[in-house]
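J.: This is the structure alone, sequence omitted:
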């Protein structure tokens, strides 16, 4: 009777099949604003720290991520890269490949971190990383890690994913590479690292307020429930 999607591009793809557009609702993808929020005071480490967190499935860590780490390391030796999440075979291979290519790469693999503690890992970061390769699936996703980085007041460097780019087109705390290319994404990361800490924190704090207002789970679920009730009562279509 109705379809709820995590993004507008995904809603549009369903509509393109002929499903009635008025019976589709894009609710975006939310986060827990109570848990993901900026540190009370500056918590950024002295050395640059680029953080990525997630499930580290095969599609998360490809050529773009590898080249980004290598190029940033070459330009800013000492930059640390922290990958927060379960040490999957894909993550282990990714780390081993990087260290084989450049033994000076600084990779941190803290392993699984309980959900309630992920924010502490993010709050220390200089930049949050979204190095996804291009696919129909990633274009239709509303990447949760980007929302959670912003919730913690951490600026984001991302590949040009369709939904993220559209939803956050006016957000100053997230910057997109022009192409799905490791050199381009590395340039975005380096641009953030060259931005004064105070400016990054100013942009991050403002972004945290906005995503908390628009994407907290309470907001997302309210929209979903409203749509389900309209469909169930026959008030749609």
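T.: Sure thing, it's come through. Keep in mind the model is a prediction, meaning the values are calculated, not measured. Numbers count the residues shown, from 1 in each chain.

J.: List the buried residues of the helix or strand of the chain with the lowest mean pLDDT.
T.: When the helices and strands of the chain are compared on mean pLDDT, DSSP states H and E, helix 136-140 comes out lowest with a mean of 92. Using 16 or more other C-beta atoms under 10 Å as the test for burial, helix 136-140 gives 138, 139, 140. Where C-beta positions appear, they are placed from N, C-alpha and C, glycine not excepted.

J.: now do stretch 150-157
T.: Result for stretch 150-157 [16+ other C-beta under 10 Å]: buried residues 150, 151, 152, 153, 154, 155, 156, 157.

J.: repeat for stretch 173-189
T.: So, applying 16+ other C-beta under 10 Å, buried residues of stretch 173-189: 173-177, 180-182, 184-189.

J.: and the most centrally placed residue in the chain, helix, strand or coil?
T.: For the chain, the residue whose C-alpha lies nearest the mean C-alpha position (C-alpha atoms, centre = their mean) is residue 146; its distance is 2.2 Å. Secondary structure state of residue 146, per DSSP: H, G, I helix; E, B strand; the rest coil, is helix.

J.: Any figure for the gap between it and residue 100?
T.: Shown here: residue 146 relative to residue 100, a distance of 30 Å by C-beta to C-beta, to the nearest Å.

J.: At which residues are the helices of this structure located?
T.: For the chain, applying DSSP state H gives helices covering 8-16, 63-75, 89-101, 118-123, 136-140, 144-151, 162-167, 182-194, 197-215, 217-232.

J.: and among those, the most buried is which?
T.: helix 144-151 (a mean of 26; mean count of other C-beta atoms under 10 Å).

J.: Beta-bridge partners for the closest residue to residue 121 other than its chain neighbours, please?
T.: Among residues not flanking residue 121 along the chain, residue 84 sits closest, at 4.7 Å (C-beta to C-beta, 6 or more residues apart in numbering). Beta bridges link residue 84 to residue 53, residue 111 when assigned by DSSP bridges.

J.: give the contact list for residue 84.
T.: Contact analysis of residue 84 by C-beta atoms under 8 Å, 6 or more residues apart in numbering lists 51, 52, 53, 54, 110, 113, 118, 121, 122.

J.: so where is this structure shaky, pLDDT-wise?
T.: Filtered on pLDDT under 70, the chain yields the residue ranges 42-45, 237.

J.: I'd like to know how far residue 192 sits from residue 127.
T.: In terms of C-beta to C-beta, residue 192 sits 5 Å off from residue 127.

J.: Residue 11 now?
T.: 30 Å.

J.: got it, and residue 95?
T.: Distance from residue 95 to residue 127, by C-beta to C-beta: 19 Å.

J.: Between the two ends of stretch 172-180, how far is it?
T.: End-to-end distance for stretch 172-180, by C-alpha to C-alpha, to the nearest Å: 20 Å.

J.: Could you number the chain from 23 rather than 1 from now on?
T.: Okay, using 23 as the starting number, the last item reads as stretch 194-202.
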